[in-house]
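Trainee: Model the following, please.
(3 chains)
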Amino acid sequence: MKIPKLTFGVVLFCFQVLLLALYAKYVNYQTIPSTVTSSVNFAQTYPKFQDVHVMIFVGFAFLMTFLKKYSFGAVSYNLLIASVVIQWSILLNQWIKQRVLKEEGHYGDKDPLEINLGLMELMTADFTAAAVLITFGALLGKASRLQLLCVAIVECIFFAINETILVEYLRISDVGGSIVVHLFGAYFGLSVAFMLRNSGDEHTNESSVYHSDVFAMVGTLFLWVFWPSFNAGPLTDPVRQNRAVINTYLALAACVATTFMASSWVDKRFKLNMVHLQNATIAGGVAVGTSADLMIRPWGAILIGMLAGILSVIGYTYITPFLNKKLRIHDTCGVHNLHGMPAIFAAICGAIAAASIKITDYGNEFADIYPKVGSGDRTRGEQGGFQFAAAVVTFAIAVFGGLLTGAVLRCLDSPDELLLYDDDNEFEVPDQFISIKTESNGTSDKQQYHMHEQAA
Amino acid sequence: MKIPKLTFGVVLFCFQVLLLALYAKYVNYQTIPSTVTSSVNFAQTYPKFQDVHVMIFVGFAFLMTFLKKYSFGAVSYNLLIASVVIQWSILLNQWIKQRVLKEEGHYGDKDPLEINLGLMELMTADFTAAAVLITFGALLGKASRLQLLCVAIVECIFFAINETILVEYLRISDVGGSIVVHLFGAYFGLSVAFMLRNSGDEHTNESSVYHSDVFAMVGTLFLWVFWPSFNAGPLTDPVRQNRAVINTYLALAACVATTFMASSWVDKRFKLNMVHLQNATIAGGVAVGTSADLMIRPWGAILIGMLAGILSVIGYTYITPFLNKKLRIHDTCGVHNLHGMPAIFAAICGAIAAASIKITDYGNEFADIYPKVGSGDRTRGEQGGFQFAAAVVTFAIAVFGGLLTGAVLRCLDSPDELLLYDDDNEFEVPDQFISIKTESNGTSDKQQYHMHEQAA
Amino acid sequence: MKIPKLTFGVVLFCFQVLLLALYAKYVNYQTIPSTVTSSVNFAQTYPKFQDVHVMIFVGFAFLMTFLKKYSFGAVSYNLLIASVVIQWSILLNQWIKQRVLKEEGHYGDKDPLEINLGLMELMTADFTAAAVLITFGALLGKASRLQLLCVAIVECIFFAINETILVEYLRISDVGGSIVVHLFGAYFGLSVAFMLRNSGDEHTNESSVYHSDVFAMVGTLFLWVFWPSFNAGPLTDPVRQNRAVINTYLALAACVATTFMASSWVDKRFKLNMVHLQNATIAGGVAVGTSADLMIRPWGAILIGMLAGILSVIGYTYITPFLNKKLRIHDTCGVHNLHGMPAIFAAICGAIAAASIKITDYGNEFADIYPKVGSGDRTRGEQGGFQFAAAVVTFAIAVFGGLLTGAVLRCLDSPDELLLYDDDNEFEVPDQFISIKTESNGTSDKQQYHMHEQAA
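Mentor: Numbering: from 1, shown residues only, chains lettered A, B, ... in the order given. Modelled structure (predicted):
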């Protein structure tokens, strides 16, 4: 179906007006007492919220600028998608959660549609945006802006359903959202990508230029630096908060080391690959997410980080090409390697931690982490089973939701093959569009050197 | 008058020595008790201060790097201007405020020239820098460094006078400084620009290259992300603080949606324009500034944000060319669209909010927001009138100050027409200055495609 | 000795496994009570920690991206080195400190090898990374990744020894680590550089392109903005914390002014040099580091900042070429000007402050700042002597450690002369490596203009 180009603006505007109407009817501010405790709460939460906010709007945005001709799209659509999602998911996440609480009788006479906003709701909205942006990473450069908008609107619904199932029914612990956010977002995105046309051939636009790779490192580094705030974000207990920060810090550092090692080894000339350094270096933050606030000990965090880096580099080298060629799933940013597999690994670690770490290793915080075990309704082993089941459920909902969304997208125009990964399609680009030529002087020297080196 | 090139350094050095002398005579640290309350205050204020600091020194700096040959100037003079302004305005802002307090008898025996520095004074200095940097945005690439330095020094005086009138005499509420900072800085800058030579023709240097537009997004995104800290910056009451964060967050998200809509609609091929995405997306933060801590309800914030985005895109498309061609006011960064008009809109929203929101909608914080209404000296309607009057007064002082400053600037050399928007004028640039050519391979494909598309 | 290229990965992996084993045996979390005080502590420290974290991993990384062909190396090896160092130095710093405490009998029955991690240990690890990254700055582009890894591993040992001597034996006050971090890192790096081959000639790759200079400003600005958090980082007393923030803020602002002045004056055409603006503008943060929390008064901070900017520009203009030509010490980033000399200046300021500021100028915090003076074991003058002695000791240890490390590095392959400052050596670079040509259209206009100007 040929959709007129003004449709994007129409849909966007109508949806924004709908949001306005829903907020007018249902949303108000939380009532906060003017006490020192409120000030301490604000002081504890706000900096973490702002760190997460930077990750979503700067980190994810720049991480995706690596393509030579799609940096505008990466950085702009990241902003658009996240802005729509945060408004929309504040409603959905609270409505579905409050509806369940109401059914369980924990919500008294209050209208489950009424929402009272506080900082924590904003942070949860940012987490939801992370999931949708991971999905965007899988689709980068291949979907039109109208398609991306549809994905954003639909994915939030599945996200809220899945989150509520995990938190309210399965009662799992997933502080850093590795299952809720990363696993969900990645497999949702891969499923959508599966439904989009894909020739399986490498596209001439699908590569970087020197400075686009440097821009991508802006994203990588802000994600890397603030990931401890992401994994400790929802926590207010100082004990768990400290643990989450320390574990994430160590896992990320260890992950960098194994990423550099693996990246040099998978190349026959032992050269480092910027794609690995941009992405696999932060896989440790995903992998430690589920167990960040648990008593996994610092060495546990380091081990998880080490394995995540290796897993992610292997993914980029062997699994992404396989998915593309054999399963026709084209994953532009490699979200399967940065989010998908490390999140599955995180779920396994979380299950093992639940089953194996003794209650006595914890203090009073144990009952907060695993309320069902604390209340005696589950054994630790059962909790481990539920933790893993959460990953399976999330995978199923993500794939189902993604395929459905992908089917919807097929009703809309996709960019023409020739205009994939090309900003010129939907953006006004500078008159003199970027020109990158093979370096003339430098190379001749270097080629001579290489020839000389090979001869020696 | 032909000014020798070393004058810039001489003036700068002399002024810095003057600052040194004034600080030696008048400035000391605030006395803070070593208590938990002090720690909580620090913990509450410092992260917001640092967010604002990033906005001023990273956000504004990179937002202005979009010109293909003036990125050095943008990022460097931003740093210079802000550094001079924060030192100078700490003195001026306090002196003028303390002088007024003294006159009103609220200052006891203390010397009104003596300044005791705390975090809040640093944050106010950063806000002053924001105003001067907005002015810089209007002049970007057209004024010499000596002229910019003069603007910075003079503008601070008018800023401090205007701020004191608004806060101490008119007693208005403008938490995010939309009137005090944005309205003032924008119209001051436009007035200075009016006094500078302007041919009205488009300059060949006045355009972007691909990566300069991506650099500008670094600025946009840090401004966007930290704007809640800007609007909540001066607050310590947890109730108002939370409201300011939530309202700004929502207004900005809504503003992004309408900016994308409007940007695609104003182009005949429905393409998005990076200038809009870099600037109009943050107009919501300006527009909600005056009323950020008021009971405007979340939908109110969203509505304000939506209108700000549309207003700003319309400004870039229709009003900036009009100002340039008809009024000979050349506005390089379009500060009229990002700061000027949204700030007027903010003032109107603030006036409406003051007049229409009932006291019973607030808690105890009402008397802090509108002390004159709280004490019964004014009705709500009168407060609304004062709120709007503040915008008129600010406009008048800004235009007067700007024209005067512009007249002074005309006594100094401006860059030659040929060297406008060109770093080569005042910076050592790399031997091989950037070369951006039309892409040869890629384009031919695309041109064929476009021709094919048009034929079909 | 010809080292096979896979060695880098092998060494890195083995070292990471060693870290894992050591953490498994010795490291656990600090026990924190679940109280409001813990929350306030977290809220006070965590934002400063995150600011420092940004400085190390984003600030230093981008500051070094200025070379036209070594931006990948700068930003990637910065991440690698810092990640290895933070894991390794957590162990070393605590072990050596706890061993000394044990010897002095302050450690009871506890095993001095056992480490309990909290936020403060993470921040100290980040400070250690700063020192090693300063060293990296001196070696940028000249050392292979294996050599860099060796430097990182070895330097941490000398760092921990030196820090313990200064803090536990000499009992000096150096809140911002100007001596412990900057002086140490700079002279260690220069000593290593001295041991590396250096032709003394300018290398064709050792220059910037337009956008690499803009990338470097990302680093500069984040360092500049967050430096107050660096200098106030270890503090929890609100009095000293506020003072450290205010002094650093003012010193940096003043430093910017004199840097612009000096940079324009040292050029015969009075043009500004981006190298100065990228580096000398932050020298004020180094120079005020040792005395940031002292009663140096705001004007003292401004004076220190002013002198630091001038000193640093003079260093870049006259001393770096001298060191390179005469002493064969090649300092790629000019760390001698940004860190070395300003740190010596900081040490002198710290000594003068200790000797000259009266106890009565302080409140109760005096005894925390100078415990030996507070307890009556030293006079103020003696403390000043110790402060200066600390700089001498640090210089000696840094030079000794650096020469030794440099000697070890000579056993490993260095990059071939032709491949210095070139990412192609160790990274996969985009097929079309960046090409920067002299601008064709623009220049002809400008050349005509310049010719015209000279003729006039």
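Trainee: residues contacting residue A:333?
Mentor: Counting by C-beta atoms under 8 Å, 6 or more residues apart in numbering or on different chains, residue A:333 makes contact with A:63, A:64, A:137, A:138, A:140, A:279. All C-beta spots, glycine's among them, are computed from the backbone N, C-alpha and C.
Trainee: separation between the second one and chain C?
Mentor: Relative to chain C, residue A:64 is positioned 17 Å away (criterion: C-beta to the nearest C-beta, to the nearest Å).
Trainee: pretty sure that residue is in contact with residue A:76, am I right?
Mentor: No: the criterion here is C-beta atoms under 8 Å, and residue A:64 misses it with residue A:76 at 10.5 Å.
Trainee: Regarding residue A:28, what is its secondary structure?
Mentor: strand (DSSP: H, G, I helix; E, B strand; the rest coil).
Trainee: Pairing partners for it in the sheet, please.
Mentor: residue A:116 (DSSP bridges).
Trainee: and residue A:21, how many neighbours?
Mentor: Applying other C-beta atoms under 10 Å in any protein chain shown, we find 12 residues neighbouring residue A:21.
Trainee: in which helix or strand would I find it?
Mentor: Taking DSSP states H and E as the definition, residue A:21 sits inside helix A:7-26.
Trainee: Can you name every helix or strand that that helix contacts?
Mentor: helix A:71-103, helix A:145-164, helix B:238-265, helix B:297-314 (3 or more C-beta pairs under 8 Å, 6 or more residues apart in numbering or on different chains; DSSP states H and E).
Trainee: okay, the ones you listed, which one's buried deepest?
Mentor: Highest mean neighbour count among the helices and strands packed on helix A:7-26 (mean count of other C-beta atoms under 10 Å in any protein chain shown): helix B:238-265, with a mean of 28.
Trainee: Determine which of the helices and strands packed on helix A:7-26 approaches residue A:247 most closely.
Mentor: Closest to residue A:247 of the helices and strands packed on helix A:7-26 is helix A:145-164 (C-beta to C-beta; 22.4 Å).
Trainee: Tell me how far residue A:363 lies from residue C:33.
Mentor: The gap separating residue A:363 from residue C:33 is 9 Å, by C-beta to C-beta, to the nearest Å.
Trainee: More neighbours: these two, which one.
Mentor: Higher neighbour count among residue A:363 and residue C:33: residue A:363, with 15 against 10, using other C-beta under 10 Å.
Trainee: Touching, that one and residue A:239? I think so.
Mentor: Yes: between residue A:363 and residue A:239 there is a contact under C-beta under 8 Å: 6.3 Å.
Trainee: element containing residue A:112, please.
Mentor: Residue A:112 is part of no helix or strand, with elements assigned from DSSP H and E.
Trainee: List the contacts of it.
Mentor: Applying C-beta under 8 Å, 6+ apart, one finds that residue A:112 lies in contact with A:95, A:98, A:99, A:101, A:102.
Trainee: One more: residue A:371?
Mentor: residue A:171.
Trainee: Need the pLDDT of it.
Mentor: At residue A:371, the predicted lDDT confidence score is 94.
Trainee: Which residues are in contact with each of residue A:363 and residue A:239?
Mentor: Common contact partners of residue A:363 and residue A:239 (C-beta under 8 Å, 6+ apart): residue C:34.
Trainee: Could you report the separation of the residue nearest to residue A:328 when sequence neighbours are not counted from residue B:174?
Mentor: Leaving aside its chain neighbours, residue A:328 sits nearest to residue A:198 (5.1 Å; criterion: C-beta to C-beta, 6 or more residues apart in numbering or on different chains). From residue A:198 across to residue B:174, the span is 53 Å (C-beta to C-beta).
Trainee: Give me the more crowded residue out of those two.
Mentor: Using other C-beta under 10 Å, the more surrounded residue of residue A:198 and residue B:174 is residue B:174, with 29 against 15.
Trainee: on that earlier part again, how is the residue nearest to residue A:328 assigned, secondary-structure-wise?
Mentor: Secondary structure state of residue A:198, per three-state DSSP, is coil.
Trainee: mind checking pLDDT for it?
Mentor: As predicted, residue A:198 sits at a pLDDT of 75.
Trainee: ok, now residue A:34?
Mentor: The model's pLDDT for residue A:34 equals 87.
Trainee: I'd say it and residue B:368 touch.
Mentor: No: using C-beta under 8 Å, residue A:34 is not in contact with residue B:368; the gap is 10.1 Å.
Trainee: for residue A:202, phi and psi?
Mentor: Main-chain dihedrals, residue A:202, degrees, to the nearest 10: phi -80, psi 130.
Trainee: now the helix or strand hosting residue A:47, how far from the centre of its chain.
Mentor: Using DSSP H and E, residue A:47 sits in helix A:36-54. In terms of C-alpha atoms, centre = their mean, to the nearest Å, the centre of helix A:36-54 is found 22 Å from the chain centre.
Trainee: Show the contacting residues for the nearest residue to residue A:199 once chain neighbours are set aside.
Mentor: Distances taken as C-beta to C-beta, 6+ apart place residue A:417 nearest to residue A:199, at 6.9 Å, with adjacent residues excluded. By C-beta under 8 Å, 6+ apart, the contact set of residue A:417 is A:197, A:199, A:203.
Trainee: Tell me how far the closest residue to residue A:359 other than its chain neighbours lies from chain B.
Mentor: The shortest distance from residue A:359 to any non-neighbouring residue, by C-beta to C-beta, 6+ apart, is to residue A:366 (5.3 Å). Taking C-beta to the nearest C-beta as the measure, residue A:366 falls 28 Å from chain B.
Trainee: for residue A:315, same thing?
Mentor: Applying C-beta to the nearest C-beta, the value for residue A:315 to chain B is 27 Å.
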